[in-house]
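A.B. asks: Fold the following and give me the result.
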Amino acid sequence: MSGLSDIPAAAAVASGETGTTLSGAGAAARRGEARARRRRESALVLACQIGILVVFVGAWEYVTSLSRQTAFLFGSPSAIFTFLVQMAGDGSLWRDTYVTGLETLLGFGLGNILGTLMGLSLWYSRFLSRVVQPFVVALGSIPIIALAPMVIIWFGTGLTSKVAMSTLSVVVVALVTSYKGAMSVDPDQVNLLRTLGARKSQIFTKLVVPSSLNDIFAGLKLTVGFALIGAIIGEFMSSSEGLGHAIFKAGSLYVIPKVFAALVATITLALVLTWLVGRLERLLKPWQKTR
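C.D. replies: Purely as a prediction, here's the structure:
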């Protein structure tokens with residue numbers, strides 16, 4: 001009889017294990033469906049983007065083929081492509097892209113490091129943050145192009161002045177976004193850590209910095225363009241190479257297709273740098289789900 005009495009219990013255990021297995025299989029199936037849905041959505045988005053680009057370029061080519069004046073004023077995609085091939089063939093495209101990319105990366109890194117460190121450090125003192133706030137606003141309101149002549153006087157006409165221009169374009173934005181992230185930390189979480197005996201430095205490293213990453217990376221994505229603009233402006237003012245120099249030289253000679261060709265290279269550089277920032281974000285924030 002004892003053996004018969006064990007049958008319902010064994011059946012219940014087996015039923016529970018089967019239910020757990022089915023539940024796990026169902027969760028795996030739902031995750032697979034979600035991944036497939038995201039892939040289909042990404043493919044559809046990419047197809048729409050390519051379609052819009054093809055329609056735009058086709059309309060541009062058609063309009064500029066109607067008259068020589070229109071082609072002179074706005075260039076044509078075919079002429080732009082021809083100049084891109086020529087610039088790639090003689091090496092000027094790769095050399096100018098490398099120079100501008102180096103200036104942008106150095107200014108982007110230096111400006112974000114300085115701005116982020118200053119913005120996060122203001123979390124330590126509300127009094128100090130209130131003191132420096134009007135000065136930060138004043139610095140942020142200065143047009144970066146107005147500083148270009150002085151930067152060239154201070155740092156010369158070489159690489160340093162372009163990096164300085166790129167850094168100045170970035171540092172204030174990085175400071176503001178990182179400070180916003182630090183000050184938006186939940187006060188209840190701060191008080192909880194204090195009651196548990198955490199020091200201020202521990203609260204800063206364990207709570208404030210991780211909680212500020214969303215705002216910091218939002219600032220990083222925003223300042224990619226600012227860093228590139230600063231480098232281009234520096235090349236406009238004084239340079240013998242770089243994409244800014246190529247744009248300025250072609251524009252002064254009224255070679256509009258070559259201007260657009262250098263702009264295409266600039267846009268491509270900005271997209272690559274933005275993609276690298278996104279990869280860095282996924283590396284430093286593995287817990288965040290990507291859509």
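A.B. asks: Just the element for I229, please.
C.D. replies: Using DSSP states H and E, I229 maps to helix 213-237.
A.B. asks: Please apply the same query to V63.
C.D. replies: Applying DSSP H and E, one finds V63 within helix 2-64.
A.B. asks: Following element in sequence after that helix, please.
C.D. replies: Defined by DSSP H and E, the subsequent element after helix 2-64 is helix 68-74.
A.B. asks: who touches the helix or strand that comes right after that following helix?
C.D. replies: Counting by DSSP H and E, the element after helix 68-74 in chain order, helix or strand, is helix 77-90. Outside helix 77-90, the residues that touch it by CB atoms under 8 Å, 6 or more residues apart in numbering are 57, 60-61, 64, 71, 93-94, 96, 246, 255, 257-258, 260-262, 264-265. From N, CA and C alone the C-beta is placed, and that goes for glycine too.
A.B. asks: Give me the buried stretch members for helix 77-90, please.
C.D. replies: Buried residues in helix 77-90, counting neighbours by 16 or more other CB atoms under 10 Å, are found at P77, A79, I80, F83, L84, M87.
A.B. asks: Those residues into CSV, with extra columns for pLDDT?
C.D. replies: Shown next, in CSV, are the buried residues of helix 77-90 (pLDDT from 0 to 100):
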residue, pLDDT
P77, 88
A79, 88
I80, 90
F83, 90
L84, 90
M87, 88
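A.B. asks: Just name the closest of those residues to V190, please.
C.D. replies: Ranked by distance to V190 (CB to CB), the buried residues of helix 77-90 are led by L84 at 53.6 Å.
A.B. asks: Just the ones of the contacts of helix 77-90 in helices?
C.D. replies: If you go by DSSP state H, the contacts of helix 77-90 have 57, 60-61, 64, 71, 93-94, 96, 246, 257-258, 260-262, 264-265 in helices.
A.B. asks: from the residues you listed, which would you call buried?
C.D. replies: 60, 64, 71, 93, 96, 246, 257-258, 260-262, 264-265.
A.B. asks: how deep is the residue lying closest to A182 once chain neighbours are set aside tucked in, by neighbour count?
C.D. replies: Excluding the flanking residues, the one nearest A182 by CB to CB, 6 or more residues apart in numbering is W123, at 3.9 Å. Counted with other CB atoms under 10 Å, the neighbours of W123 add up to 22.
A.B. asks: quick one: secondary structure of W123?
C.D. replies: helix (DSSP: H, G, I helix; E, B strand; the rest coil).
A.B. asks: OK, contacts around it?
C.D. replies: Taking CB under 8 Å, 6+ apart, we find W123 in contact with S129, Y179, A182, M183, V185, F204, V208.
A.B. asks: Need the residues that contact the helix or strand hosting A148.
C.D. replies: Element membership for A148, per DSSP H and E: helix 144-155. With contacts defined as CB under 8 Å, 6+ apart, helix 144-155 is touched by S161, A164, M165, L168, S169, I229, G230, I233, G234, F236, M237, S238.
A.B. asks: same deal with stretch 59-71?
C.D. replies: F74, G75, S76, P77, S78, A79.
A.B. asks: what about that stretch, average pLDDT?
C.D. replies: The average of the pLDDT scores along stretch 59-71 is 86.
A.B. asks: got the CA coordinates for it in CSV?
C.D. replies: Below are the C-alpha coordinates for stretch 59-71, written out as CSV (Å, rounded to 0.1, in the frame of the first residue of the first chain):
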residue,chain,number,x,y,z
ALA,A,59,15.3,63.4,-57.7
TRP,A,60,18.5,65.4,-57.1
GLU,A,61,20.2,63.9,-60.2
TYR,A,62,17.1,64.5,-62.3
VAL,A,63,16.7,68.2,-61.2
THR,A,64,20.3,69.0,-61.8
SER,A,65,20.2,67.4,-65.2
LEU,A,66,17.6,69.9,-66.4
SER,A,67,20.0,72.9,-66.7
ARG,A,68,23.7,73.7,-66.4
GLN,A,69,22.9,76.5,-64.0
THR,A,70,21.2,74.2,-61.5
ALA,A,71,24.0,71.7,-61.9
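A.B. asks: Just checking the distance from it to the centre of its chain.
C.D. replies: With CA atoms, centre = their mean, to the nearest Å as the basis, stretch 59-71 stands 34 Å off its chain's centre.
A.B. asks: Could you do stretch 239-254 as well?
C.D. replies: 26 Å.
A.B. asks: hey, which helix or strand in this protein has the poorest pLDDT?
C.D. replies: Every helix and strand in the chain was compared by mean pLDDT, DSSP states H and E; the lowest is helix 2-64, with a mean of 72.
A.B. asks: Sweet, I'm off.
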